[in-house]
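>>> The following comprises the amino acid sequence and a computationally predicted model.
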Amino acid sequence: MHPAYSVIFFTTSSGAGYGMLGLLGGLTLAGRLPPNSVFGLLAFGLALFLITAGLLSSTLHLGHPERAWRALSQWRSSWLAREGVAAVVTYAPTMAAAVAWVILGRNTGAWGLVAAGMALGAAITVVCTGMIYASLKPIPRWNNGWVVPIYLAFSLATGSVCLVPVTRLLGLEVFHLTVWIAVISGAIAWGLKLGYWRHIDRARGLMTVARAVGMEHLGEVRQLEGPHSGANFVMREMGYRVARKHARKLRRIGLTVGGGAIIMLIVAALFVGPVVDLGLSILAVFATATAIFIERWLFFAEAEHSAMLYYGQGLGQNDAG
Amino acid sequence: MTSLPTTPPEKKLGLVIDLDICVGCHACAVNCKEWNTGGEAGPLTDKDPYGADPEGVWFNRVHTYEAGSGADSRTVYFPRSCLHCEEPACVTVCPSGASYKRDTDGIVLVNYDTCIGCKLCSWACPYGAREYDQAEGVMKKCTLCVDRIYDEEIEEGRRVPACVSTCPAGARHFGDLGDPGSDVSKLVAGRGGYELMPELGYKPVNRYLPPRARKTEAGAANDAGPGQGAELSGFLAWVDRTLSR
């Protein structure tokens, strides 16, 4: 599948923002966050910036961005519409919690429940994002049980990495807890990703050209001549393939950089002083951003679509180049 | 509404394509483009149409496959277009309500005035039937010539999709596949017509008729496909047996 940068940026940026909201909500409900106005301003500001930038970016790949509001209407049947509705609805408790926190200086009692609602909305939005992909039967590398947990895990992992420097900057006690949540959720996310890669590498020869055209009884079927001499939309959109050797290399780079971010956080939390650990935790944010971009780019580039069977590409090949 | 009709459509209009007869002339694809680019579904825009690297929106594409190997191999021409599925995920994934399946005849259509151009429907179609129009920013697809098959200005016998009307070999048929007594349904029953990738559960309405079994030098059919010879009985069966010797 064609890896569109607007969609990669949307899923990763909004994903991190929702992860921050999830973590803020959870920690607030647990009574671990002081109603520090500056912290509230920075944390909510950063989360809302990441989410809103992502959502705006997602409209960039539309043929008619001015009609984007229509995408909220079909929530009964469409995961994309459900994602849109969940994203819009989540703004309400988020804004309420942010105002109470920053202006009124309150985040306990009823406001804690509002924050919990915010975390729930964030989680539902990320599940909807994952389901957009996981529900597509023509794309076996998305249509499986790994996709939604991976979207959730990376959302929390990237969101908590973003929150770490904020807690450190303000010298909050919750810094260490945030680091450990980032470390553990990051380890879980990359662990799940390794499992996913193993899963898609094993699922080979899923569907042949002969079966797709219904002529298995005639033997092997090959495309002798394409229907058109140039490319078309289907080939550009569904036929994007990343060479297997490049995919392997990119997987290793993503894993190394993502793992490096986790190690930086552990070092920051355990071994070094206040200035260096702030620098390390900011560096970890950039490393995580790089790693998640590679992870998401591969998620698209490695996905094969059944429509390409008709152009002679079997499903479960992944060995171009 | 992108939720599917709750009651089954009164009719299941669709195409039956005979892979034994199709000669791969692309006339169906060309006439489809010709009719639809000037019809209600148009324009079907092209990029660089007279240049070195033309590409554009087509509703119908004719692939050429080689099946089998060695002396047993054969060339099969394979026209591919929207199958007007009974369970079209392209419709249900649509967030805007622009994609819909008609409850009267089962035709799957896109409303260009409300399509936001997110392309998710094209991802949801396993058959690659939907093509995005870059110039117009909306998704386009086969309409089964909905602006032709009901047009009372056109003489009755010609109220069929453009691809069917133009096929010089008679490889394309149009009708109600929901009515077991229709000509197309009888054709499907007699020739073992099949749907594409039934395992995905989209329940395509269109059917393909398999290439007929060929005779080897010894006279026996060497690869009896589904439903071969089912329509022969009595005198014709005797003729068939005699000539096959």
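That came through fine. Remember, it's a predicted structure, so these values are computed and weren't measured experimentally. Numbers count the residues shown, from 1 in each chain, chains lettered A, B, ... in the order given.

>>> I'd say A:Gln223 and A:Val209 touch.
Yes: under the criterion of Cβ atoms under 8 Å, A:Gln223 is in contact with A:Val209, at a separation of 6.9 Å. Glycine gets a C-beta too; all of them are placed from N, C-alpha and C.

>>> residues touching A:Gly214, list them.
With Cβ atoms under 8 Å, 6 or more residues apart in numbering or on different chains as the criterion, the residues that contact A:Gly214 are B:Tyr194, B:Glu195, B:Leu196, B:Tyr208, B:Pro210.

>>> What's opposite the first one in the beta bridge?
Assessed by DSSP bridges, B:Tyr194 has beta-bridge partners B:Tyr208.

>>> Report the separation between it and A:Thr28.
To A:Thr28, B:Tyr194 is 58 Å away according to Cβ to Cβ, to the nearest Å.

>>> which SS class is A:Lys193?
helix (DSSP: H, G, I helix; E, B strand; the rest coil).

>>> and if you look at the one 4 residues further on?
Under three-state DSSP, A:Trp197 falls in the helix class.

>>> need the contact list for it.
Taking Cβ under 8 Å, 6+ apart as the criterion, A:Trp197 is in contact with A:Arg251.

>>> Quick one: find the helix or strand in chain B with the lowest mean pLDDT.
Between all helices and strands in chain B, the lowest mean by mean pLDDT, DSSP states H and E belongs to helix B:234-244, at a mean of 74.

>>> Burial check on B:Gly192, number of neighbours?
As a burial measure, B:Gly192 scores 17 neighbours (other Cβ atoms under 10 Å in any protein chain shown).

>>> out of A:Gln223 and A:Val209, which sits in the more crowded spot?
A:Val209 (23 against 18).

>>> Distance check, that one against A:Gly186.
A:Val209 sits 41 Å away from A:Gly186 when distances are taken as Cβ to Cβ.

>>> B:Trp123 now?
To A:Gly186, B:Trp123 is 29 Å away according to Cβ to Cβ.

>>> Could I get the full set of strands for chain A?
Assignment of strands within chain A using DSSP state E yields the ranges A:221-225.

>>> So, low pLDDT: which residues of it?
A:317-321 (pLDDT under 70).

>>> Now it against chain B: closest residue?
Of all residues in chain A, A:Gly63 sits closest to chain B, with a separation of 2.0 Å (Cβ to the nearest Cβ).

>>> Please name the nearest non-neighbouring residue to that residue.
B:Gly117 (2.0 Å; Cβ to Cβ, 6 or more residues apart in numbering or on different chains).

>>> and that neighbour, that one's in a helix?
No: assigned with three-state DSSP, B:Gly117 falls outside any helix and is coil.

>>> Could I get the contacting residues of it?
A:Leu62, A:Gly63, A:His64, A:Arg67, B:Tyr132, B:Gly137, B:Val138, B:Met139.

>>> Ramachandran coordinates for B:Pro161?
phi -60, psi 150 (degrees, to the nearest 10).

>>> pLDDT score assigned to it?
B:Pro161 carries a pLDDT score of 98 in this model.

>>> Is it correct that it is in contact with B:Leu15?
Yes: between B:Pro161 and B:Leu15 there is a contact at 7.0 Å, judged by Cβ under 8 Å.

>>> anything in contact with each of those two?
The overlap between the contact sets of B:Pro161 and B:Leu15 (Cβ under 8 Å, 6+ apart) consists of B:Leu144, B:Phe174.

>>> In chain B, which residue sits nearest chain A?
Closest to chain A within chain B is B:Gly117: 2.0 Å, counting by Cβ to the nearest Cβ.

>>> number of nearby residues for residue 115?
If you meant another chain, say so; for now it's chain A. By the other Cβ under 10 Å criterion, the neighbourhood of A:Ala115 contains 27 residues.

>>> Switch to chain B, please.
Neighbour count of B:Cys115, defined by other Cβ under 10 Å: 27.
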